[in-house]
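Participant: got a structure for you, letters missing:
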């Protein structure tokens, strides 16, 4: 922008444009966005991010714990099954994020093991929140979980579709390997409209 | 700008909220909860923790709102609170001065959660709350006393045993647990979970789990059942005129 041949006039004009309140509002997070929760998260590659960093692209999100051998693999399998039904460009436009409800055990290394075991591509982020943020994140996603004395968790198993600003568009209970066709249709529709 | 900053400082120094809220050390122990979680039939072990002596008051909550204006009722995101949020306040950032020492109500779970985090604290778990609330002024567990039980019928109303300002503290030194307001707990959403799925079980078991996430060890404990029914009906953004909160801290 600064090296633009039209020079200072355009810079001034752009400056004014960015001052307009309408643009500021457009940039503001919607009141019903789940990214209103600012949680610190660590991805499986050790990268630190804040929940609003997920903003900008539609995403399918869920919560799980890696020390779980039935529903949690199903959540991931179901997410992968959604991806399989997308075209190449749709596939590249959709993020998938799975947040741990067991941050004590789900270190980045443990999450990386899950990513490797399931051959997850680079669209997937397995995220470890701070212990103090797990309940808040679960609350905005309406995911219920309860620690059991044997170290397992009862938890809601669901895929949730968020638009690029973090608003919940659709939910699909995970009951098997294949996601609900209506959910997949909603994902495709969202990817079209967010281009 | 200068005047408003000054105003904030004055408020912070002159209000009781400026003095740190009193926490009482609670020695943990084994506890027979009235609620029976599936897969957990025995006693629950409550670890040592600290609990606020009194529920958070409107004045204390005002200090939080002034410091964190995103929690003002005119600014709070819809995600975090319904339209009843702080609706009893005189202004967007001020309660009725005559009521300011009363427990803060019309507060969503998200707001209570954020308040406690701002105090480097957390909401108590249900088990912690129930453990301390089992006490009357003399006994740490008065639940087998039918007289004590009957008094609890008035919980959440102005006739409640702890509603009066001069009501005695319970055996732990905690006040107001059976007051005119109910209280949020951190894990309220686990009290009933229709759509819970068991983590490590077979398919049939999953169906079964969905229906029986929770049952009761003691169906005579009507006061507790009533509280569970209330909390389990809430969404985390819901508010009620007789639902407040207090914070807890784990032992380091």
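Facilitator: It's in. Source: prediction; values computed, not measured. Numbers count the residues shown, from 1 in each chain, chains lettered A, B, ... in the order given.

Participant: what mean pLDDT does stretch A:127-143 have?
Facilitator: Mean pLDDT, stretch A:127-143: 94.

Participant: likewise for stretch B:243-252?
Facilitator: Stretch B:243-252 shows a mean pLDDT of 95 in the predicted model.

Participant: do it and chain A meet?
Facilitator: No. Using Cβ under 8 Å from any Cβ of the partner chain, stretch B:243-252 never reaches chain A; the gap is at least 10.2 Å. Every C-beta, even on glycine, is put in place using the N, C-alpha and C of the backbone.

Participant: gap between the two ends of that stretch?
Facilitator: One end of stretch B:243-252 sits 29 Å from the other (Cα to Cα, to the nearest Å).

Participant: list the buried residues in that stretch.
Facilitator: B:243-249 (16 or more other Cβ atoms under 10 Å in any protein chain shown).

Participant: among the residues you listed, name the ones in strands.
Facilitator: The strands, defined by DSSP state E, take in B:243-244, B:248-249 from the buried residues of stretch B:243-252.

Participant: with distance to residue A:146 as extra columns, can I get these in TSV?
Facilitator: Below are those laid out as TSV (distance: Cβ to Cβ, whole Å):
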residue	distance to residue A:146
B:243	21
B:244	24
B:248	18
B:249	22
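
Participant: near chain B, which residues of chain A?
Facilitator: Contacts of chain A with chain B, taken as Cβ under 8 Å from any Cβ, map to A:29, A:31-34, A:36-37, A:65, A:68-72, A:132, A:135-136, A:138-140, A:144-146, A:148-150, A:152-158, A:173-174.

Participant: can you do 6 Å?
Facilitator: A:31-32, A:36, A:68-71, A:135-136, A:139, A:144, A:146, A:148-149, A:152-154, A:156-157 (Cβ under 6 Å from any Cβ of the partner chain).

Participant: are any of the residues you listed buried, and which?
Facilitator: In those, burial by neighbour count holds for A:32, A:36, A:68, A:70-71, A:135-136, A:139, A:144, A:146, A:152-154, A:156-157, counting by 16+ other Cβ under 10 Å.

Participant: ok, those residues vs residue A:194, which is closest?
Facilitator: Closest to residue A:194 out of those is residue A:32 (17.0 Å), distances taken as Cβ to Cβ.

Participant: roughly how far apart are the closest one and residue A:167?
Facilitator: 6 Å (Cβ to Cβ, to the nearest Å).

Participant: same thing with residue B:184?
Facilitator: Residue B:184 is 25 Å from residue A:167, by Cβ to Cβ.

Participant: these two: which is more packed in?
Facilitator: Applying other Cβ atoms under 10 Å in any protein chain shown to residue B:184 and residue A:167 shows that residue B:184 carries more neighbours, namely 25 against 16.

Participant: state the phi and psi torsions of the residue nearest to the more buried one when sequence neighbours are not counted.
Facilitator: Leaving aside its chain neighbours, residue B:184 sits nearest to residue B:245 (4.2 Å; criterion: Cβ to Cβ, 6 or more residues apart in numbering or on different chains). Dihedral pair for residue B:245: phi -170, psi 170, per degrees, to the nearest 10.

Participant: isn't residue B:245 right up against residue B:112?
Facilitator: Yes. Between residue B:245 and residue B:112 there is a contact under Cβ atoms under 6 Å: 3.9 Å.

Participant: low-confidence regions, chain A specifically.
Facilitator: Applying pLDDT under 70 to chain A flags residues A:1-26, A:70-71, A:195.

Participant: what about the residue lying closest to residue B:188 once chain neighbours are set aside, which helix or strand?
Facilitator: Of all residues not flanking residue B:188 in the chain, residue B:231 sits nearest, at 4.4 Å (Cβ to Cβ, 6+ apart). Taking DSSP states H and E as the definition, one finds residue B:231 inside helix B:222-232.

Participant: tell me which residues are up against that helix.
Facilitator: Here helix B:222-232 makes contact (Cβ atoms under 6 Å, 6 or more residues apart in numbering or on different chains) with B:34, B:152, B:155, B:182, B:188, B:191-192.

Participant: nearest to residue B:93 among these?
Facilitator: Closest approach to residue B:93 among the contacts of helix B:222-232 (Cβ to Cβ): residue B:182, at 25.0 Å.

Participant: picking that back up, quickly note the distance from the residue nearest to residue B:184 to chain A.
Facilitator: 14 Å (Cβ to the nearest Cβ, to the nearest Å).

Participant: can you check residue B:54 too?
Facilitator: Here residue B:54 is placed at a distance of 23 Å from chain A (Cβ to the nearest Cβ).

Participant: pull the number of nearby residues for residue B:66.
Facilitator: Number of residues near residue B:66 (other Cβ under 10 Å) recorded here: 19.

Participant: surely it is in a strand?
Facilitator: No. Under DSSP: H, G, I helix; E, B strand; the rest coil, residue B:66 sits outside any strand and is assigned helix.

Participant: now stretch B:168-181: buried residues?
Facilitator: Under the neighbour-count criterion of 16+ other Cβ under 10 Å, stretch B:168-181 has B:169-172, B:174-181 buried.

Participant: now stretch A:157-171
Facilitator: Using 16+ other Cβ under 10 Å as the test for burial, stretch A:157-171 gives A:157-168, A:170-171.

Participant: identify, from the residues you listed, the entry nearest to chain B.
Facilitator: residue A:157 (4.6 Å; Cβ to the nearest Cβ).

Participant: for the residue nearest to residue A:147 when sequence neighbours are not counted, what are phi and psi?
Facilitator: The spatial neighbour of residue A:147 that comes closest, neighbours along the chain excluded (Cβ to Cβ, 6+ apart), is residue A:153 at 5.6 Å. Per-residue torsions, residue A:153: phi -130, psi 140 (degrees, to the nearest 10).
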